[in-house]
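Novice: Structure for this input, please:
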Amino acid sequence: MNAAGAVAAGMNADRDVIFVNQRGTLHSDPHLSCPEMDEFVTQAIGLVYQAASTAALDAAAIVACRTRLARSAADLAAYDTIQNAADIADLRVALGINEWNVYGVSYGTDLAQQLVRDHPQGIRTLILDSVVPPSQNLIDTWWQAPASGLAAIFAACAAQRTCAGTYPDLATLFIATVNKLSVKPAEIDVKDASGRVVRVTIDGFKLIAVALEWSAAAGKVVDIPRMVDNLANGDGMLAAAAIAAGDVPVTQRGLLGAGLALGAYCQEMAAWTDPERALAQARIAMPGLPDPVLRITPTGSFIFDDCRAWGLGRSDPSSLAPVVSNVPTLILAGTFDMSTAPSWVDVVTPGLGNAVVLRFPGVGHGVLPGSACAQTIMTAFIDNPKAAVDRSCVENTTVPTFSTR
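Specialist: Okay, here's the model as predicted:
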């Protein structure tokens with residue numbers, strides 16, 4: 001979660017909030033950053049993303065990063081979720097806090113669950129936003145998330161008279177457009193944030209990537225049907241502008257702690273499966289999409305090539321153990337979430353014996369930052385975890401109206 005955004009949304013309005021700087025991330029020593037990967041992102045704007053040559057460039061960027069970081073003598077294998085959770089447990093003790101309420105979003109939910117599993121001391125409540133189950137291999141199941149998120153978005157469009165009339169059978173059109181662009185990518189010139197004209201290549205995967213990004217933003221999810229229809233009819237300006245805007249400014253390259261991400265995903269997930277198994281599961285989740293698209297993770301990682309380049313082994317099997325806890329837990333899920341499937345909640349709830357699950361209609365990945373309803377519920381939950389949760393604002397949540405022009 002972005003700390004500045006969470007503060008702006010009022011998370012710390014009536015309590016102290018501690019934002020944890022995880023090992024390997026910005027301000028850590030060492031900071032395991034990979035500006036080489038950000039440079040690849042810039043280069044990829046003009047490339048066919050699902051091409052094997054693009055995957056090779058991505059892997060080369062990771063090799064370059066690893067080679068540079070190797071000179072720091074950092075133990076890259078120590079950057080994983082088990083060690084990350086141990087850091088957070090130590091932090092509570094170091095700060096002299098007897099009890100705290102733990103919030104995690106996306107990967108942070110995986111981390112929070114492993115924290116309560118391995119270091120339950122001092123955890124008063126747990127808030128899990130957009131759940132990743134530690135016991136489920138995300139690499140195998142990742143495509144379930146865009147599948148369910150897109151299905152929810154398309155169903156919501158079909159339920160709105162204007163959207164349904166303008167974009168009938170949107171699901172079929174989407175699949176057809178991804179396949180068309182996979183065979184013949186579009187090339188479009190647009191201006192980037194600096195006003196410079198850049199050439200954007202849009203293949204089938206990039207269409208999915210734009211939809212995934214927009215699904216998490218209330219102001220952009222409404223444009224997904226129009227963007228798909230425009231591309232299907234040869235107008236890629238909406239999508240191209242979004243792709244160009246994804247360029248990482250030179251001043252921001254290397255800010256992310258790529259070493260922690262690669263350590264966790266490679267050791268705890270990719271190392272426990274293989275490309276063909278992951279592809280088989282992706283085909284089940286999204287039948288009709290071409291294999292070159294499905295071999296990429298929905299977030300744009302050539303994960304098996306990346307992990308081979310990063311060069312680590314398997315994690316301790318205990319990192320994959322399911323979580324069993326009676327700590328009062330609030331679980332938030334958005335029906336439009338294309339990054340973590342709402343159905344994954346069902347994987348973790350059997351072990352969480354004191355959990356309340358809330359599903360927010362029309363909300364994407366990361367419920368809390370953009371939902372005043374979720375913020376109100378979380379505050380009440382933390383104030384009194386034993387009280388019945390007032391779900392009325394969830395029931396009154398309305399799906400945003402999709403744009404048609």
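Novice: biggest helix in the protein by residues?
Specialist: What stands out as the longest helix in the chain, according to DSSP state H, is helix 52-70.
Novice: Angles on the backbone of the residue nearest to the spatial centre of the chain, please.
Specialist: The residue lying closest to the centre of the chain (C-alpha atoms, centre = their mean) is Ser339, at 4.4 Å. Note on Ser339: backbone dihedrals following degrees, to the nearest 10 are phi -110, psi -40.
Novice: Enumerate every residue touching it.
Specialist: Counting by C-beta atoms under 8 Å, 6 or more residues apart in numbering, Ser339 makes contact with 106, 130, 145, 149, 212, 215-216, 298-299, 364-365. In short, each C-beta sits where N, CA and C put it, glycine included.
Novice: Double-check that Glu187 belongs to a helix.
Specialist: No. Using DSSP: H, G, I helix; E, B strand; the rest coil, the assignment for Glu187 is strand, not a helix.
Novice: From Ile331, how far out is it?
Specialist: Computed with C-beta to C-beta, to the nearest Å, the distance linking Glu187 and Ile331 is 43 Å.
Novice: Kindly state the pLDDT recorded for Gly311?
Specialist: Looking at Gly311, its pLDDT reads 96.
Novice: right, I mislabeled it, should have said Asn179
Specialist: Looking at Asn179, its pLDDT is 98.
Novice: Surely it and Pro290 touch.
Specialist: Yes. Using C-beta atoms under 8 Å, Asn179 is in contact with Pro290, at 6.0 Å.
Novice: Helices of the stretch 301-405 of the chain, residue ranges please.
Specialist: Remark: helices assigned in the stretch 301-405 of the chain by DSSP state H, counting those that start in this stretch are 303-310, 345-348, 367-370, 372-383, 392-395.
Novice: show me where the stretch 151-300 of the chain has strands.
Specialist: 186-191, 197-202 (DSSP state E, counting those that start in this stretch).
Novice: Export the ones you listed to a markdown table and append columns for mean neighbour count, mean pLDDT and distance to Ile208.
Specialist: What follows is the strands of the stretch 151-300 of the chain, written out as a markdown table (neighbours: other C-beta atoms under 10 Å; pLDDT from 0 to 100; distance: least, C-beta to C-beta, whole Å):
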| stretch | mean neighbour count | mean pLDDT | distance to Ile208 |
| --- | --- | --- | --- |
| strand 186-191 | 15 | 95 | 14 |
| strand 197-202 | 18 | 96 | 11 |
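Novice: how about those strands in CSV, adding distance to Arg161?
Specialist: Formatted as CSV, the strands of the stretch 151-300 of the chain follow (distance: least, C-beta to C-beta, whole Å):
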stretch, distance to Arg161
strand 186-191, 30
strand 197-202, 30
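Novice: for the ones you listed, which one sits closest to Ser53?
Specialist: Among these, the nearest to Ser53 by C-beta to C-beta is strand 197-202 (12.3 Å).
Novice: Do you know the pLDDT at Val347?
Specialist: 97.
Novice: And for the one 10 residues further on?
Specialist: We note a pLDDT of 98 for Val357 in this prediction.
Novice: mind checking how far the closest residue to it other than its chain neighbours is from Ile88?
Specialist: In space, and not counting its chain neighbours, Val357 is closest to Ile331: 4.6 Å by C-beta to C-beta, 6 or more residues apart in numbering. Using C-beta to C-beta, Ile331 is found at 19 Å from Ile88.
Novice: before we move on, what about Cys266?
Specialist: For Cys266, the distance to Ile88 - C-beta to C-beta - is 21 Å.
Novice: Tell me which of those two has more neighbours.
Specialist: Cys266 (27 against 20; other C-beta atoms under 10 Å).
Novice: Now for the more buried one: which residues touch it?
Specialist: For Cys266, the contact set (C-beta under 8 Å, 6+ apart) comprises 303, 306-307, 310, 312.
Novice: cutoff 10 Å now
Specialist: Contacts for Cys266 (C-beta atoms under 10 Å, 6 or more residues apart in numbering) come out as 76-77, 79-80, 139, 303-304, 306-315.
Novice: one step back: quick one: closest of the strands of the stretch 151-300 of the chain to Arg117.
Specialist: Using C-beta to C-beta, these put strand 197-202 closest to Arg117, at 42.4 Å.
Novice: so what strands line up beside the closest one?
Specialist: Partners of strand 197-202 in the sheet, by DSSP bridges, are strand 186-191 (antiparallel).
Novice: Ser194: neighbour count?
Specialist: Residue neighbour count, defined by other C-beta under 10 Å, stands at 8 for Ser194.
Novice: All set, thanks.
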